[in-house]
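Here you go, sequence then predicted model.
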Amino acid sequence: MSVISQINIVGCGPGSAQYLTQEAISVVKGSSVIVGYDRLIDLFPWFTGKRVVLGADLQSGLDRIDSVRSEGPVSVLVSGDPGFFSLAKLVSRRFGRENCRVVPGISSVHVAFARLCLDWADARIISAHVSDPDEAMNQSVARESKIAILLGRSGSLKWVASFLKRFLAPRRIFVFENLTLDSEIVREVSEAQLPGLQVSSRTVILLIDGGLLS
């Protein structure tokens, strides 16, 4: 792999600079260009190379990454862990896995379970960030004792409220907003409270079998 063609896909954690790994910092230091959304680029105020800010158009963003590859190593900054509902999939598909290096990060789901001091090896993870999950998945997941749901749009909570009606046994509902940031909020809510909540775009919900936390 030539240095000039290398694209680093760097997991930047759940939001706070304290949750950046040393490897992420080291790779960014060795880069000529960093590419990402504003809030991720802001995690590296000391970076003196070229900064490319991404917008909502992902195809345009991929084109911009391509346009700066000749300037040296490029680090594409992604939220959480690159392998977890991330832009990394699109980047590696466009440029080839042989030209990409993935730097793992800490996801918001890791942190949410840590806040409850609860292991998550057997957890089922769902993304309702872009759209409602499909019906077949709803049926199978409803049996799980630990479920993490990634939100991010106005309709996400409505879907979660509907999803909860599938459970035969009640689940404890924990809402995590802006994890690791100064504005972090962690709260337990009732099923009745859920539809009326106002939450940030950085929100994770855990649905936990009550017996696991007794």
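Perfect, thanks for sending it.

What are the boundaries of the helices in this protein?
Listed in chain order, the helices of the chain (DSSP state H) span residues 22-29, 38-41, 58-68, 88-95, 108-115, 135-141, 156-164.

pLDDT score for residue 66?
In the predicted model, residue 66 carries a pLDDT score of 93.

same thing with residue 3?
The pLDDT attached to residue 3 in the predicted structure is 43.

With the one 4 residues further on instead?
In this model, residue 7 is scored at 95, pLDDT.

right, so the helices of the chain: which one is the most enclosed?
The densest packing among those, expressed as mean neighbour count by mean count of other C-beta atoms under 10 Å, is seen in helix 108-115 with a mean of 20. Where you see a C-beta, it was placed from the backbone N, CA and C, and this is true even at glycine.

List the contacts of it.
Under the contact criterion C-beta atoms under 8 Å, 6 or more residues apart in numbering, helix 108-115 has outside partners 14-15, 19, 80-81, 84, 119-120, 123, 125, 146, 148, 150, 174, 176, 179-180, 186, 202, 204, 206.

Please pick the buried ones from these.
In the contacts of helix 108-115, burial by neighbour count holds for 14-15, 19, 80-81, 84, 120, 123, 125, 146, 148, 150, 174, 176, 179-180, 202, 204, 206, counting by 16 or more other C-beta atoms under 10 Å.

Among those residues, name the ones in strands.
125, 146, 148, 150, 174, 176, 204, 206 (DSSP state E).

Format those as CSV; extra columns: distance to residue 165 and pLDDT.
Converted to CSV, these look like this (distance: C-beta to C-beta, whole Å; pLDDT from 0 to 100):
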residue, distance to residue 165, pLDDT
125, 20, 91
146, 19, 93
148, 19, 94
150, 20, 91
174, 18, 97
176, 22, 97
204, 21, 95
206, 18, 96
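
Closest one to residue 74 out of the residues you listed, please.
Distance to residue 74, by C-beta to C-beta, is smallest for residue 150 among those, at 26.7 Å.
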